[in-house]
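# Just need the structure, nothing else, for what follows:
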Amino acid sequence: MGKAKRPVKLADIQFDVLLKQDDSYEAEIPDYPVESGISVNDNVTVKPFYISAELYLSNTPITWNTRLGSSGNRVRTVERRLKAAFLTKEPLTYSTTDQTYNNMCIEALTISKSEETGYARKIIVTLKQVTVTATKTGTIPDSYVRGGSTAASAGTASTTPATSAGVVNNGSTKNAAKETSEKKSSMIYKAAKSSGLLK
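Sure thing, here's the model as predicted:
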């Protein structure tokens, strides 16, 4: 096994030692029967990948002493930066000695201190990967908004209220009915009707 080339990092926060790491992969499998001939993978939902890591932090790192150096305030400073990274809710890059994981958000953060660790801290962090997708836009061809063989503009929809029984736009039908009634009540109309000229 070759020597590790870099310390474990979350964004630009470096840790002394990675004590333990579990990479977890989960999928949601349907409980209902899948019909024969249908692709099973269309019914399986892959959940976001997540990591649970136990990290060690001290004021006097031994493993990466030449790189990280010693400082009486290092633990307190890193604690503060970890809390800030959790509260900002931004995706981060998590790097181990052999792999890099992008778009990781802090789902849970535990800072453990005890008499055993003294001024040092054991950091337990759960990171969940965020799936990032790109938004795509399309252009609607001009022909889709034109109609007929001339490809002229299809125009706009009418905004005139629709008529219903007894309710007419602008009173036009009502006026026409009134005129017809007046004609039928005139003497000339009655004479023409009785003589058989009008049916």
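# Run through this protein and note the low-pLDDT ranges.
Applying pLDDT under 70 to the chain flags the ranges 1-5, 34-35, 37-41, 63-71, 117, 133-136, 138, 141-193, 195-199.
# Show me how the record splits it into domains.
According to automatic domain parsing, the chain comprises the domains 9-129, 167-199.
# mind listing the strands in this structure by residue range?
Remark: strands assigned in the chain by DSSP state E are 9-10, 13-14, 17-24, 27-28, 45-46, 50-57, 92-95, 100-112, 121-129, 146-147, 152-153.
# And these: which comes nearest residue 86?
strand 100-112 (4.6 Å; C-beta to C-beta). (Each C-beta comes from the backbone N, C-alpha and C, glycine too.)
# ok, now which ones touch residue 129?
By C-beta atoms under 8 Å, 6 or more residues apart in numbering, the residues touching residue 129 are 48-50, 101-105.
# Buried subset of those residues, written for PyMOL?
Those of those that count as buried under 16 or more other C-beta atoms under 10 Å are selected in PyMOL with:
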select buried, resi 49+50+101+103+104+105
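# Put together TSV for the contacts of residue 129, with distance to residue 139 on each row.
TSV is the format used below for these (distance: C-beta to C-beta, whole Å):
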residue	distance to residue 139
48	33
49	35
50	39
101	37
102	32
103	30
104	36
105	34
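# Would you point out the most distant pair within the contacts of residue 129?
So for the contacts of residue 129, where distance means C-beta to C-beta, the most widely separated pair is 50 and 102, at 13.6 Å.
# if we can go back for a sec, present the strands of the chain as JSON lines; the columns should include distance to residue 84.
Output for these, formatted as JSON lines (distance: least, C-beta to C-beta, whole Å):
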{"stretch": "strand 9-10", "distance to residue 84": "12"}
{"stretch": "strand 13-14", "distance to residue 84": "10"}
{"stretch": "strand 17-24", "distance to residue 84": "22"}
{"stretch": "strand 27-28", "distance to residue 84": "33"}
{"stretch": "strand 45-46", "distance to residue 84": "31"}
{"stretch": "strand 50-57", "distance to residue 84": "15"}
{"stretch": "strand 92-95", "distance to residue 84": "11"}
{"stretch": "strand 100-112", "distance to residue 84": "11"}
{"stretch": "strand 121-129", "distance to residue 84": "14"}
{"stretch": "strand 146-147", "distance to residue 84": "56"}
{"stretch": "strand 152-153", "distance to residue 84": "56"}
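# Can you say which of these is nearest to residue 79?
strand 100-112 (5.9 Å).
# Work out the sheet partners of that closest one and label each with its direction, please.
Strand 100-112 pairs in its sheet with strand 92-95 (antiparallel), strand 121-129 (antiparallel), by DSSP bridges.
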